[in-house]
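Undergrad: curious how this folds, go ahead:
(chains A and B)
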Amino acid sequence: MKAGIVIFPGINRERDMAIALERSTGQRPRMIWHRETDLTGLDLVVIPGGFSYGDYLRCGAMAAQSPVMAAIRAHAARGGHILGVCNGFQILTEAGLLPGALLRNASLRFLSMDCWLRVERADTDFARHYRRGAVFRSPMAHGDGNYFADDATLDRLEGEGLVAFRYVTPEGEVAPEANHNGSARNIAGIYSADLRVLGLMPHPEDLVDPLMGGTDGRPLFDGLAAALAA
Amino acid sequence: MTRAVVTVMLKTGVLDPQGKAIGQALHNLGFAGVGEVRAGKVIELELSETDPTAARAQAEDMARRLLANLVIESFRVEIAA
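TA: The predicted structure is shown next:
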């Protein structure tokens, strides 16, 4: 699998992502500066976390208009895979590659903590190394992770099976107390209609080694590496 | 030159925790009569276009494409004389 990581000014989680990808693929990912416009040859494009362009105007709004985004759209149109984590998820919604938007956390607090995620389906290239219904731990760190979409969009996401992960209790219950940022229907991550674009707020790349305190995030990257092995 | 003022607000029905926090703080200051508070953004644009109708159309296009996210926000454009 050939993976690339997009770097906008203000992105700061690209190295964590590179470590996770290299661990699972055995190859160092290509680092892609935001002015680059050629992404041919890549199987997976990752937009990592951070604060692109200072998150001015709205989180992800500036990055969604940057030169590399046209190439990312073309990659998506070719059927390429895209993973957006945290700011990357915000950028994908601002760019219209995923529906909805990320609002300020309902508590108004920046949340830096672990959360528990339930795998809503395991028959995707991203989740194939998890079991459906499995619960795993993931770090998260964001001020604007409160997923919002209108009811019709939420119903469509649920009906088409495009909810990837939900915030749950460690026992797997969808409960208000597990929904730290106030997301609609506890949604932590969603897929595009073709299941090739995944956006999520938590950081599975930060839990891929016992030295990090666990390996709960590792199956996501191992699964991708297996699915996209060429 | 024309000055356009774009006001961007969260749509009704979209939770505005910032507005809520401001409202709470106003209550704490003793402004007991404050009801709902909504917070938004004001963006002032200097446009070289001198025709007010064309300037408005430009500002509205900018609002739709960048200044507002229509999933969560609505906007209003005023053209200053």
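
Undergrad: and chain B, which residues reach chain A?
TA: Neighbours of chain A within chain B, by CB under 8 Å from any CB of the partner chain: B:14-15, B:17-18, B:21, B:66-67, B:69, B:71-72. Every residue, glycine included, has its C-beta placed from N, CA and C.

Undergrad: which residues in chain B form strands?
TA: B:2-10, B:40-47, B:73-80 (DSSP state E).

Undergrad: flag every residue of chain A that's near chain B.
TA: A:57-58, A:61, A:65, A:93-94, A:99-101, A:103-108, A:146, A:148-150, A:182.

Undergrad: report how many residues lie close to the residue lying closest to B:I43 once chain neighbours are set aside.
TA: Leaving aside its sequence neighbours, B:I43 sits nearest to B:V6 (CB to CB, 6 or more residues apart in numbering or on different chains; 4.5 Å). B:V6 has 19 neighbours, counted by other CB atoms under 10 Å in any protein chain shown.

Undergrad: then A:T25?
TA: By the criterion of other CB under 10 Å, A:T25 has 21 neighbours.

Undergrad: now do it against B:G35, distance only.
TA: The gap separating A:T25 from B:G35 is 56 Å, by CB to CB, to the nearest Å.

Undergrad: ok, now which ones touch A:N87?
TA: A:N87 is in contact with A:11, A:13, A:47-52, A:55, A:59-60, A:63, counting by CB atoms under 8 Å, 6 or more residues apart in numbering or on different chains.

Undergrad: next, give phi and psi for it.
TA: Per-residue torsions, A:N87: phi -60, psi -30 (degrees, to the nearest 10).

Undergrad: run through chain B and note the low-pLDDT ranges.
TA: When residues are selected by pLDDT under 70, those of chain B lie in B:81.

Undergrad: helix or strand: which one has A:G161?
TA: Remark: A:G161 resides in no helix or strand, with elements defined by DSSP states H and E.

Undergrad: go ahead and confirm it touches A:R121.
TA: Yes. Counting by CB atoms under 8 Å, A:G161 does reach A:R121; the two are 5.7 Å apart.

Undergrad: dump the residue contacts of A:M201.
TA: A:85-86, A:89, A:102, A:140, A:142, A:145, A:147, A:181, A:183, A:188-189.

Undergrad: what's the closest non-adjacent residue to it?
TA: A:G145 (4.0 Å).

Undergrad: also B:L45?
TA: Leaving aside its sequence neighbours, B:L45 sits nearest to B:A4 (CB to CB, 6+ apart; 4.4 Å).

Undergrad: ok, now which ones touch that neighbour?
TA: Shown in contact with B:A4 (CB under 8 Å, 6+ apart): B:44-45, B:47, B:55-56, B:58-59, B:77-80.

Undergrad: export the contacts of A:N87 to CSV and tack on pLDDT?
TA: Output for the contacts of A:N87, formatted as CSV (pLDDT from 0 to 100):
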residue, pLDDT
A:I11, 96
A:R13, 96
A:I47, 98
A:P48, 98
A:G49, 97
A:G50, 96
A:F51, 97
A:S52, 96
A:D55, 94
A:C59, 96
A:G60, 97
A:A63, 97
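
Undergrad: these, buried ones only, as a PyMOL selection?
TA: Here is the PyMOL selection string for the buried members of the contacts of A:N87, based on 16 or more other CB atoms under 10 Å in any protein chain shown:
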select buried, chain A and resi 11+13+47+48+49+50+51+52+55+59+60+63
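
Undergrad: distance to B:A25 and secondary structure added to the contacts of A:N87, as TSV?
TA: What follows is the contacts of A:N87, written out as TSV (distance: CB to CB, whole Å; DSSP: H, G, I helix; E, B strand; the rest coil):
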residue	distance to B:A25	secondary structure
A:I11	33	strand
A:R13	33	coil
A:I47	36	strand
A:P48	35	coil
A:G49	30	coil
A:G50	30	strand
A:F51	26	coil
A:S52	30	helix
A:D55	23	helix
A:C59	24	coil
A:G60	28	coil
A:A63	32	helix
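
Undergrad: from the residues of chain A next to chain B, which ones fall inside strands?
TA: Filtering those for strands - DSSP E - leaves A:101, A:103, A:146, A:148.

Undergrad: what sits against the third one?
TA: When contacts are counted by CB under 8 Å, 6+ apart, A:N146 touches A:102-106, A:181-183, B:15.

Undergrad: would you mind measuring from it to B:D16?
TA: 11 Å.

Undergrad: for the second one, same thing?
TA: Computed as CB to CB, the A:L103 to B:D16 distance reads 9 Å.
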